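[1] Requesting a structural model of the entry that follows:
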Amino acid sequence: MNSFYSQHAGCIVRWHDLPGSGDPVVFIHGLGCASSYEYPRVVCDPLFGARRAILIDLPGSGYSDKPDHYSYKTTDQARVVAELIDHLQLDAFWLYGHSMGGSIAIETAGLLAARIKGLMVSEPNFHAGGGMFSRSIAAQTEQQFLEQGYNAMLGSETTAWAGCLKSNASYAVWRGASSLVAGVEPDWEIQFLSLPCPVTLIFGELSLPDDDVDNLKQKGVEVKIIPAAGHSMSWENPSALAKTLAECMAA
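    Numbers count the residues shown, from 1 in each chain. Predicted structure coming up:
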């Protein structure tokens with residue numbers, strides 16, 4: 001586990017730097033997750049191709065610090081990711097983000113467009129309004145979520161995701177969800193389509209049909225489907241995700 005002090009977030013941010021060949025892949029996790037929890041199984045899969053991988057735990061998540069003064073907005077999280085990439089002096093890298101992490105990855109790619117070799121996002125938020133999960137969180141006040149909503153959500157969660165959620169600060173989850181509902185200008189889809197690097201949209205087979213898939217296919221975006229998986233594809237079918245990411249980079 002590695003660490004550096006983020007000037008932007010005002011806290012210690014931690015990440016795994018897993019050795020391998022080629023330009024590294026930077027992984028950005030989604031809401032209530034942590035890359036250190038979610039992606040080791042993916043990057044250690046033989047189908048990933050033994051490529052160097054950077055697994056960041058965003059502020060508020062996993063092993064990273066959880067300052068209560070920080071906004072946890074996607075735009076601020078993107079600046080922290082860019083800060084880490086500058087800290088690592090990466091002249092060329094690939095970027096992958098899932099769900100909220102996909103939206104953060106899109107904003108990060110815009111900040112570092114000259115150095116990014118390609119962007120892969122899986123089921124990101126492309127527009128304001130959030131998804132069912134983030135909307136249900138943001139419908140509460142922050143105080144309500146801290147006092148009742150977070151524990152209620154933990155108590156009702158029966159999947160492996162519950163273990164990762166416990167590593168997230170409750171206020172970080174609420175502020176991140178509220179950021180997704182509020183959206184950004186221009187929205188994430190417009191930013192995604194304007195990037196000069198190759199872009200790929202990844203979806204789980206069980207998440208289909210989806211309007212974003214149909215819309216972006218019509219706009220010429222390459223779409224990859226992960227079989228036998230839904231939104232939580234990194235643990236539902238990690239080998240297929242590893243293979244898909246490797247194919248994107250080989251192309």
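[2] Do a quick rundown of the strands in the stretch 1-150 of the chain.
    Here the stretch 1-150 of the chain has its strands, by DSSP state E, counting those that start in this stretch, at 2-6, 11-18, 21-28, 51-57, 93-98, 116-122.
[3] counting contacts, what elements does the fourth one pack onto?
    Just to be clear, that refers to strand 51-57. Here strand 51-57 is seen to pack against strand 11-18, strand 21-28, helix 35-38, helix 40-43, helix 74-87 when contacts are counted using 3 or more C-beta pairs under 8 Å, 6 or more residues apart in numbering; DSSP states H and E. Placement of C-beta: from N, CA and C, glycine included.
[4] Just checking: what are the partner strands of that strand?
    In the sheet, strand 51-57 lines up against strand 11-18 (antiparallel), strand 21-28 (parallel) (DSSP bridges).
[5] closest one to Leu146 among those?
    strand 11-18 (18.9 Å; C-beta to C-beta).
[6] so what's the nearest residue to Gly32 once chain neighbours are set aside scoring on pLDDT?
    Leaving aside its chain neighbours, Gly32 sits nearest to Leu165 (4.6 Å; criterion: C-beta to C-beta, 6 or more residues apart in numbering). For Leu165, the pLDDT comes out at 93.
[7] would you list the helices and strands packed on strand 51-57 in TSV and tack on mean pLDDT and mean neighbour count?
    Listed next are these as TSV, based on pLDDT from 0 to 100; neighbours: other C-beta atoms under 10 Å:
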stretch	mean pLDDT	mean neighbour count
strand 11-18	98	20
strand 21-28	97	22
helix 35-38	96	25
helix 40-43	97	21
helix 74-87	98	21
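[8] Distance to Thr158 added to the ones you listed, as CSV?
    Converted to CSV, the helices and strands packed on strand 51-57 look like this (distance: least, C-beta to C-beta, whole Å):
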stretch, distance to Thr158
strand 11-18, 27
strand 21-28, 25
helix 35-38, 17
helix 40-43, 20
helix 74-87, 28
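[9] who wins for proximity to Phe93 among these?
    strand 21-28 (5.2 Å).
[10] Output the closest one as PDB, nothing but the C-alphas.
    Only the C-alpha atoms of strand 21-28 are listed here, as PDB (Å, rounded to 0.1, in the frame of the first residue of the first chain):
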ATOM      1  CA  SER A  21       4.400  -4.500 -18.000                       C
ATOM      2  CA  GLY A  22       3.300  -1.700 -20.300                       C
ATOM      3  CA  ASP A  23       1.700   1.600 -19.600                       C
ATOM      4  CA  PRO A  24      -0.300   1.300 -16.400                       C
ATOM      5  CA  VAL A  25      -4.100   1.200 -15.900                       C
ATOM      6  CA  VAL A  26      -5.500   3.500 -13.300                       C
ATOM      7  CA  PHE A  27      -8.700   2.000 -11.700                       C
ATOM      8  CA  ILE A  28     -11.400   4.300 -10.100                       C
END
